[in-house]
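Engineer: Build me a model from this:
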Amino acid sequence: MFFKISINLSDKKFRELKLEDLFENLIFKKIKKKWSVEILTKELIRDKFFVSKLLGIKVVKIKKLKINSLANYTKSYAYHTHTKKFLISTSKKKIIKKNIVIPASTAFGTGSHPSTFLAIRNLEKILNKVELKTLSFLDVGTGTGILSFVIYKLSKKKINATDIDVESQKCFKINAKLNSISNFRYYKCYNLNNNYLKKKKFTLIVSNILLLPLKRLAKDFNKHLVTGGLLIVSGILYSQRNDIVNYYSKFNLKLLKSTYIEGWISLIFKKYAIN
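Structural biologist: Residues are numbered from 1 along each chain as shown. The predicted structure is shown next:
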């Protein structure tokens, strides 16, 4: 059984506490100058005590969630998002080349969150410049599959995608069918611990998750990128930029470009040859 602990924080308090470093499962959204934060947990007593007593934050609301997996929990609402080349929506209208349909109430990654939007914009920029004939890519922590679908529709290259959550696997396959995509390989694995992937290298890796798992994956990113290969990461707060840039430099991943909106940032790294 999962519980949702709801709290509200000022922008200053939110940045000071760095809750994303303290809790594994968070949903947070900036509304005007305040942050609405939802902590999703199985350990209600422990986390409620931590929030209220140790952090000194007032708990606004506690709700029991009737779900078996966090991937089942999303706020259901209709939306559509325009990027430079795509219309992404919950609508099940006829799919055309530059439309992507991601129904609400699925795994993470519907295009509406700033981190996903930024990752898509970076993909559009990169795939407008790289040589598509030599493109090979991997989507790590794919969620709904939205980033894989963007790459596929721009390149027509076979999808390679991973996630640890079994609900994501179901969601990915449903969404692939909905978007008329069949050329993919999905790997259910922790990090990149999969026999097929062990010796594989890619020219492009994309990952839209959170700071801590992105740091844990740094070694794998270096291992599975070709020299000169590109890495796009998202799901990071602007305040975390220097942390991850400095950390990735230890793994020969150098920052090429950063873009941000609404306090979120997406970074593009390049793997350089060791001198």
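
Engineer: For the top strand by length along the chain, list every residue counted as buried.
Structural biologist: Longest strand in the chain by number of residues (criterion: DSSP state E): strand 225-237. Residues 225, 229-237 are the ones in strand 225-237 that count as buried (16 or more other Cβ atoms under 10 Å). Every residue, glycine included, has its C-beta placed from N, CA and C.

Engineer: how about those residues in CSV, adding pLDDT?
Structural biologist: Formatted as CSV, those follow (pLDDT from 0 to 100):
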residue, pLDDT
Leu225, 95
Gly229, 94
Leu230, 96
Leu231, 97
Ile232, 97
Val233, 96
Ser234, 92
Gly235, 88
Ile236, 88
Leu237, 88
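
Engineer: of all those residues, which two lie farthest apart?
Structural biologist: Gly229 and Leu237 (25.4 Å; Cβ to Cβ).

Engineer: Now do the strands in the stretch 101-250 of the chain.
Structural biologist: 137-140, 159-163, 184-188, 202-208, 225-237 (DSSP state E, counting those that start in this stretch).

Engineer: mind listing what Ile27 touches?
Structural biologist: When contacts are counted by Cβ atoms under 8 Å, 6 or more residues apart in numbering, Ile27 touches 37-38, 40.

Engineer: Among these, which one has the most neighbours?
Structural biologist: Neighbour counts for those peak at Val37, which has 22 neighbours (criterion: other Cβ atoms under 10 Å).

Engineer: how near is that residue to Leu22?
Structural biologist: 11 Å (Cβ to Cβ, to the nearest Å).

Engineer: With Ile181 instead?
Structural biologist: Distance, Ile181 to Leu22, using Cβ to Cβ: 37 Å.

Engineer: try Lys201
Structural biologist: 35 Å.

Engineer: And for Lys215?
Structural biologist: Distance of Lys215 to Leu22, given as Cβ to Cβ: 15 Å.

Engineer: With Lys219 instead?
Structural biologist: 24 Å.

Engineer: Could you do Thr116 as well?
Structural biologist: For Thr116, the distance to Leu22 equals 23 Å [Cβ to Cβ].

Engineer: Done for today, thanks.
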